[in-house]
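1. show me how the following folds:
(2 chains)
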Amino acid sequence: MGVVATGEQAAGAWTGDVVLRVVDLVKHFPIRRGLIQSLRGGPVPAVRAVDGISFDVRKGEIFGVVGESGCGKTTMGRTILRLIEPQSGHILFEGRDLLALPSNEMKRLRRKMQIVFQDPYESMNPRLDVYRIISEPLRIQGVVKDGHEAVDLVSQALVDVEMTPPEEYIYRYPHELSGGQRQRIAVARALVLNPDFIVADEPVSMLDVSIRGEILNLMLRLAKEKGVTFVYITHDLATARHICDRIGVMYLGKMVEEGNTEDIVKFPLHPYTRALLNAVLIPDPSKRGLQSVMAGEVPNPVNPPSGCRLHPRCPVMKDICREKEPEIIERERGHKVACHFA
Amino acid sequence: MALLEVKDLKMYYQTLRGQVKAVDSVSFEIEKGKALGIAGESGCGKSSMAITVLRLLPGNGHILGGEVRMDGLDLLSMSEEAFRKAIRWSRISMIFQGAMNALNPVHRVGNQIVEAILTHEDVSRQEAVDRARRLLDMVGISPRRFNDYPHEFSGGMKQRAVIAMALACNPDLVIADEPTTALDVMVQAQVLRAIQDLREKLALSMMLITHDLSVIAQTCDDVAIMYAGRIVEYGTATEVYKKPLHPYSMGLVSAFPNIAADKSPVRSVPGFPPNLVSPPEGCRFHPRCPLADDRCKTEEPASIEVGGNHHSVACHKVDVTAGGIDIWV
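-> Next up is the predicted model:
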């Protein structure tokens, strides 16, 4: 994908079913330096959390963003909602560049864009009951006139997340709920404004495996029946494969591969995607596969490796990988990869 | 004779609300060199069982019955002094849950391992240092990092350091309580691989506790499925995965998306584990079980052996589940 100079140009090739388009998104977090170092001058070192990422998300699809801790996937998710302000790039939601919007219009648009956080234990105020937690967005957005109307909407949201009958849960406090129930409350809070778009940041990683299915199937149902669009952020390709239509694989602030879920899982092109797939544990004792695990860990994003960022860990590395950074190129229809040897 | 035999073990916590029946008549065996996986949801008593075997119970935890034997030696009747000298860490050691926080942040990693050796064995400091360096090397950490502090290690390295510490006194059995739960997929695979290599090299026996059945599938020979303080199904991993017979195990097995197979719907086991102060009458799983009938509500099912390979299951409905029907639609 070429570099796009302005938001209008980026919107140029807008096709009808694209809801969100991210173009060359960059977010660097500067690192504080001591007095001596700052007097010495030079560029301020920065954690390059998101370093030039572009992708489209279509209406009603679940787009998975997969990568290890520290690859920048959470920062990316928060940046597309403008919970973190990026350095540069464009975020086009239904054709409008979010980064050009004044704050009052952004606030209005937030009705349509919501987030579910990773930790259902820390993402809600323990002193508020379920009613207050779920109705808070309604109050902030001024959607309801009186308490009765709010009770109706909150009850509906609880029904939507299959917490029925709603009367039983609506005046409970978070400590009276299990982890899975809390995460449903977090989803209900995101749903109560009837959004078109939800970022779900590792919504099941803190939950017991026996109840992960409930939340995943809930997201799947919301996407297929209500047309809600999701960006699902996770480190687990197995759950991503289960619910996502398309998957993007991130490594050190870059998107290295993107394509339809089954293409990514069955015909991965990037060595990193293959390594991630090998690391997924198979729940079948007759298929043991811990032999081919990629060694090493994600390098420091302050000083990412030169050339292709994977090269120090890559099994197919050649000289060119050290020198030249591979562009992300469409190899097959809808299947993009950034590797010199894909 | 099995290396570790646990028979009818009962451990209850005394609380203000009554007795919490965390481990209730649990029996299993671990053969020398074998690995047993114990699977179950949070709060099913699997971690309590581990600390009961190692006798690390808090003040309100009481062993009310049963036996724990190692090579025939009764571990529960030993004095604390004798247990600490002869068993804990030197023969049975443990990798704790959240091991990344089990390291002391103000001591060098190497010295923490040396400390573990010197506490349990009568060797010179130099010998202990040499062994600690070898242990670090064995788990894939360069011995040059002996003098690093825990904050200089990544999560996966801390986990490996804790594994090295568990191996410090050449134990026969390692109890690993959720050894990879807080780790990323890639690091999880690396750590499990390291554990697997070490087990082969040292002929270690292992008891691995986790809620993640895929971890057990990749590392263990046998599996015990625990629910509400009891073992509801027990057998070889291959058999339990291929043909689970308890409705709860069936639910757990189908709750795992399998990336190597064709895409299939992911199930969940609706509801949540019961309060262990007053667990349900009859079969403890009956409130969540789609097959439950009146008998399940009143009569507790005994564990019965089905087929060979000591595959056993505690369920009144085995004849239904053995028919291979899909009960978690």
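2. relative to residue B:223, how far out is the residue of the stretch 51-200 of chain B found nearest chain A?
-> Residue of the stretch 51-200 of chain B nearest chain A, by Cβ to the nearest Cβ: residue B:189 (3.9 Å). Placement of C-beta: from N, CA and C, glycine included. Residue B:189 is 20 Å from residue B:223, where distance means Cβ to Cβ, to the nearest Å.
3. tell me the SS of the residue of the stretch 151-300 of chain A found nearest chain B?
-> As assessed by Cβ to the nearest Cβ, chain B sits closest to residue A:213 within the stretch 151-300 of chain A, at 3.3 Å. The three-state label for residue A:213, taken from DSSP: H, G, I helix; E, B strand; the rest coil, comes out as helix.
4. what's the neighbour count on it?
-> Neighbourhood size, residue A:213 [other Cβ atoms under 10 Å in any protein chain shown]: 26.
5. ok, it touching residue B:266?
-> Yes - contact between residue A:213 and residue B:266 holds when scored by Cβ atoms under 8 Å: they sit 4.3 Å apart.
6. which phi and psi does residue 240 have?
-> Just going to use chain A. For residue A:240, the backbone dihedrals (degrees, to the nearest 10) come out as phi -60, psi -40.
7. meant chain B actually
-> According to degrees, to the nearest 10, residue B:240 has phi -70, psi -30.
8. where does the closest residue in space to residue A:313 that isn't next to it in sequence fall, phi/psi-wise?
-> Distances taken as Cβ to Cβ, 6 or more residues apart in numbering or on different chains place residue A:296 nearest to residue A:313, at 4.4 Å, with adjacent residues excluded. The phi and psi values for residue A:296, taken as degrees, to the nearest 10, are phi 80, psi 180.
9. please apply the same query to residue A:251.
-> Dihedral angles for residue A:251 - degrees, to the nearest 10 - are phi -140, psi 120.
10. mind listing the helices for the chain?
-> Because you didn't say which chain, this covers chain A. For chain A, the helices defined by DSSP state H cover A:7-10, A:35-40, A:73-80, A:103-109, A:130-141, A:147-160, A:166-169, A:179-191, A:209-226, A:237-243, A:261-266, A:271-279, A:319-323.
11. actually chain B
-> B:46-53, B:80-86, B:109-120, B:125-138, B:155-166, B:185-202, B:213-219, B:237-242, B:247-254, B:294-298, B:318-321.
12. same list (the ones you listed) but as CSV, adding distance to residue A:234 and mean pLDDT.
-> Shown next, in CSV, are the helices of chain B (distance: least, Cβ to Cβ, whole Å; pLDDT from 0 to 100):
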stretch, distance to residue A:234, mean pLDDT
helix B:46-53, 26, 92
helix B:80-86, 44, 92
helix B:109-120, 31, 94
helix B:125-138, 32, 94
helix B:155-166, 18, 90
helix B:185-202, 9, 90
helix B:213-219, 15, 92
helix B:237-242, 24, 92
helix B:247-254, 20, 90
helix B:294-298, 37, 94
helix B:318-321, 32, 88
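13. compare these and give me the one nearest residue A:89.
-> When the helices of chain B are compared by Cβ to Cβ, helix B:185-202 sits nearest residue A:89, at 27.6 Å.
14. what is the closest one packed up against?
-> Packing partners of helix B:185-202 (3 or more Cβ pairs under 8 Å, 6 or more residues apart in numbering or on different chains; DSSP states H and E): helix A:271-279, helix B:155-166, helix B:213-219.
15. gap between that helix and the chain center?
-> 16 Å (Cα atoms, centre = their mean, to the nearest Å).
16. run through who's touching it.
-> Helix B:185-202 is contacted from outside by A:68, A:235-237, A:275-276, A:278-281, A:290-291, A:293-295, A:297, B:33, B:35, B:138-140, B:154-156, B:159-160, B:163, B:167, B:170, B:176, B:179-180, B:183, B:204, B:206, B:215, B:218-219, using Cβ atoms under 8 Å, 6 or more residues apart in numbering or on different chains.
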